[in-house]
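Peer 1: structure for this input, please:
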Amino acid sequence: MKVKPHIAVIIPAFNEENSVGKVVNDIPKKWVKEIIVANNNSNDLTPINARNAGAIVVDEPVQGYGNACLKGMAYLVEHNITPDIVVFLDADYSDFPEELIELVQPIINDNVDMVIGSRALGDKEKSSMTPQQIFGNWLATFLIKHLYKVEFTDLGPFRAIKYDSLLKLDMKDKTYGWTVEMQVKAAKQNMKCTELPVSYRVRIGKSKVSGTLKGTIMAGYKIITTIFKYY
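Peer 2: Purely as a prediction, here's the structure:
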């Protein structure tokens, strides 16, 4: 992949009216052709602010992180858009969208299938990740290493993947298991994966997952069961 690739960005978003516009604005437009915000049943100004910032907005009324990501992918299929690379990015402004340029380089230069933006390897702002997030990532990546013989340090949402490789994964998860499903399926298919350090800051607003006890327990359960499901 020697020339500048066709890159599409998919951003799942649920009630992120104060941050989604910042995320869209900070994406390097010279590198990206489509910015798709999958509005996941928001009851605030998320879709309006995303559209005003220049994103394509698609609506997924059934809540679930995976549902939103799948809706973004469906938009590509329905509109016959075939990017070279798809980048997934959260809408809470905890990631640094401008780092997308570095994130895609291993795909462009080294023919890597998937690049995970690792918060564990990068610079984290104090309190940007809760203790339960840090422990959960450690446990999940420990299990992946021992079960699938592939080493990751994070399940970070900021990631880039070749579009044809993404389609081969036949993604199914509709909720919290989306990121880990992608990684274990890539491992099972012997895809070439790597990680790059990414920066991470305190998100805007309260997390719907790690910000509540119920969300933390549900996410942890789903992640662990997904790891064993595909083993």
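Peer 1: who are the contact partners of V57?
Peer 2: Counting by Cβ atoms under 8 Å, 6 or more residues apart in numbering, V57 makes contact with I36, V37, N39, P47, A50, R51. Every C-beta, even on glycine, is put in place using the N, C-alpha and C of the backbone.
Peer 1: restricted to helices, list the residues you listed.
Peer 2: P47, A50, R51 (DSSP state H).
Peer 1: can you show me the CA trace of stretch 134-149 as CSV?
Peer 2: The C-alpha trace of stretch 134-149 is given here as CSV (Å, rounded to 0.1, in the frame of the first residue of the first chain):
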residue,chain,number,x,y,z
ILE,A,134,-6.5,-1.2,34.1
PHE,A,135,-6.9,-4.5,35.8
GLY,A,136,-9.5,-5.6,33.3
ASN,A,137,-7.2,-4.9,30.4
TRP,A,138,-4.4,-6.8,32.1
LEU,A,139,-6.5,-9.8,32.8
ALA,A,140,-8.0,-9.9,29.3
THR,A,141,-4.6,-9.5,27.5
PHE,A,142,-3.1,-12.1,29.9
LEU,A,143,-5.8,-14.6,28.9
ILE,A,144,-5.4,-13.8,25.2
LYS,A,145,-1.7,-14.4,25.4
HIS,A,146,-2.0,-17.8,27.1
LEU,A,147,-5.0,-19.0,25.1
TYR,A,148,-4.3,-17.6,21.6
LYS,A,149,-0.5,-17.1,21.8
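Peer 1: would you mark the buried spots in it?
Peer 2: Neighbour-count burial for stretch 134-149 flags G136, N137, A140, T141, L143, I144, Y148 (criterion: 16 or more other Cβ atoms under 10 Å).
Peer 1: from the residues you listed, which two are the most distant?
Peer 2: The largest distance within these, taken as Cβ to Cβ, falls between G136 and Y148 and amounts to 17.4 Å.
Peer 1: so which of the ones in helices among the contacts of V57 wins on neighbours?
Peer 2: Neighbour tally across these (other Cβ atoms under 10 Å): the maximum, 27 neighbours, falls on A50.
Peer 1: can you check the pLDDT for that residue?
Peer 2: Model confidence at A50, expressed as pLDDT, equals 98.
Peer 1: show me the contacts for the most centrally placed residue in the chain.
Peer 2: Against the mean C-alpha coordinate of the chain, by Cα atoms, centre = their mean, the closest residue is P157 at 3.2 Å. Taking Cβ under 8 Å, 6+ apart as the contact definition, P157 lies against F88, L89, D90, D95, G117, T179.
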